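Enquirer: here is my input; please provide its structure:
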Amino acid sequence: MTVKGVVLSQKPFGEQDKFIDILTETGIIEIVVKGSAKVTSKSGSASQLFAYSEFDISDHHAKNKARILTSVTPISIFYGLRNDVNAVALASYFAQVILYSALPKSGTPEILRLMLNTLHYLSEPAHDELLLKAIFELRIASLLGFQPDVVMCRECGNYLPENLYFSVEDGCFFCDVCRQQGILMPAGTLQAIRYIILQDFDKIFSFRIAGHCRQPLFEFAEQFLQYHVDKKFPALEYYKQIKI
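Expert: Have a look, this model is predicted:
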């Protein structure tokens, strides 16, 4: 079997080998990389964490029922990512979200595409990491079936109130006249949320947001994903501790 995928996690297996989890268009595959700890290992950087590569995989191993990597060709290693500790922590957080949320056979091409694009922009020197984090969180939530209702105020139908409260629990918003419960945000933040979850994928990484609209977006995106996935991720806590 030959697949293209990005390495989401790795763990030692014996003295020289390791297990890696690969996100592909059809789901997550666990394979064994033989001799990965050797300095002369041919798998090298192509099977390291966050590498996007083409993997040739054998059938299940008779003893441990694991698939074995037979050869690998790198496609993109995202070298720029590895020069920024914050970016690596964020990438680890994104990987943990996918590993926890996507069952082995329930992956989609959109999830792989989202991860690859996010890794690409995290590798850029001038990346806006907090905006990338919010884009990932809202888009992955939508792909997992938790898309928030962004059409209008749930009570009165106001399409774009000047100020509003977005309920993380209910997944909808209310104008500040109808209800004052949830995350307070200006109209510009609501427009950014709409853009992220509804716009064509090719465009979601290319928009600007006013300064006063940023913090409510970041707060809502993180809380919304965590509430609906119902999981706290160690890499996110680490990112908050070391963020510089």
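Enquirer: next, the buried residues of the helix or strand V88 falls within.
Expert: Assigned by DSSP states H and E, V88 belongs to helix 85-101. Neighbour counts over helix 85-101 (16 or more other C-beta atoms under 10 Å) mark 87-98, 101 as buried. Where you see a C-beta, it was placed from the backbone N, CA and C, and this is true even at glycine.
Enquirer: quick one: G211 from T189, how far?
Expert: Here G211 is placed at a distance of 11 Å from T189 (C-beta to C-beta, to the nearest Å).
Enquirer: pick out whichever of those two has more residues nearby.
Expert: Set side by side, G211 and T189 give different neighbour counts by other C-beta atoms under 10 Å, the larger being at T189 (26 against 7).
Enquirer: skipping adjacent residues, who's closest to the spatially most central residue of the chain in space?
Expert: Per C-alpha atoms, centre = their mean, the C-alpha nearest to the average position across the chain is that of F94, at 3.5 Å. Spatial nearest neighbour of F94, excluding adjacent residues (C-beta to C-beta, 6 or more residues apart in numbering): F136 at 5.5 Å.
Enquirer: again, but for Q147
Expert: Nearest residue to Q147 in three dimensions, chain neighbours excluded: I197, at 5.8 Å (C-beta to C-beta, 6+ apart).
Enquirer: so the one you found versus A187, what's the distance?
Expert: For I197, the distance to A187 under the criterion C-beta to C-beta works out to 16 Å.
Enquirer: what's the local residue count around S167?
Expert: For S167, the tally of surrounding residues (other C-beta under 10 Å) stands at 18.
Enquirer: may I ask you to name the longest strand in the protein?
Expert: In terms of residue count, the longest strand belonging to the chain (DSSP state E) is strand 2-13.
Enquirer: which strands and helices sit next to it?
Expert: In terms of contacts (3 or more C-beta pairs under 8 Å, 6 or more residues apart in numbering; DSSP states H and E), strand 2-13 is packed against strand 17-24, strand 27-33, strand 52-60, helix 85-101, helix 109-122.
Enquirer: got TSV for those, with distance to L8 and mean pLDDT too?
Expert: Conversion of those to TSV gives the following (distance: least, C-beta to C-beta, whole Å; pLDDT from 0 to 100):
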stretch	distance to L8	mean pLDDT
strand 17-24	5	93
strand 27-33	7	91
strand 52-60	11	88
helix 85-101	4	95
helix 109-122	8	95
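Enquirer: to L69, which of those lies closest?
Expert: Nearest to L69 among the helices and strands packed on strand 2-13 is strand 27-33; the distance by C-beta to C-beta comes to 4.8 Å.
Enquirer: and the angle from the closest one to strand 2-13?
Expert: 60 degrees (axes from the mean of the first three to the mean of the last three C-alpha atoms, to 10 degrees).
Enquirer: okay, buried residues for strand 27-33 please.
Expert: Applying a neighbour-count criterion of 16+ other C-beta under 10 Å, one finds G27, I28, I29, I31, V32, V33 buried in strand 27-33.
Enquirer: returning to that earlier point: how about the helices and strands packed on strand 2-13, which one is nearest L144?
Expert: Nearest of the helices and strands packed on strand 2-13 to L144, taken as C-beta to C-beta: helix 85-101 at 5.4 Å.
Enquirer: got a list of contacts for that closest one?
Expert: Surrounding helix 85-101, the residues in contact under the criterion C-beta atoms under 8 Å, 6 or more residues apart in numbering are 8-9, 21, 23, 28, 50, 81-82, 111, 115, 118-119, 122-123, 127, 129, 132-133, 136-137, 140, 144, 225, 229, 231, 233-236, 238-239, 242-244.
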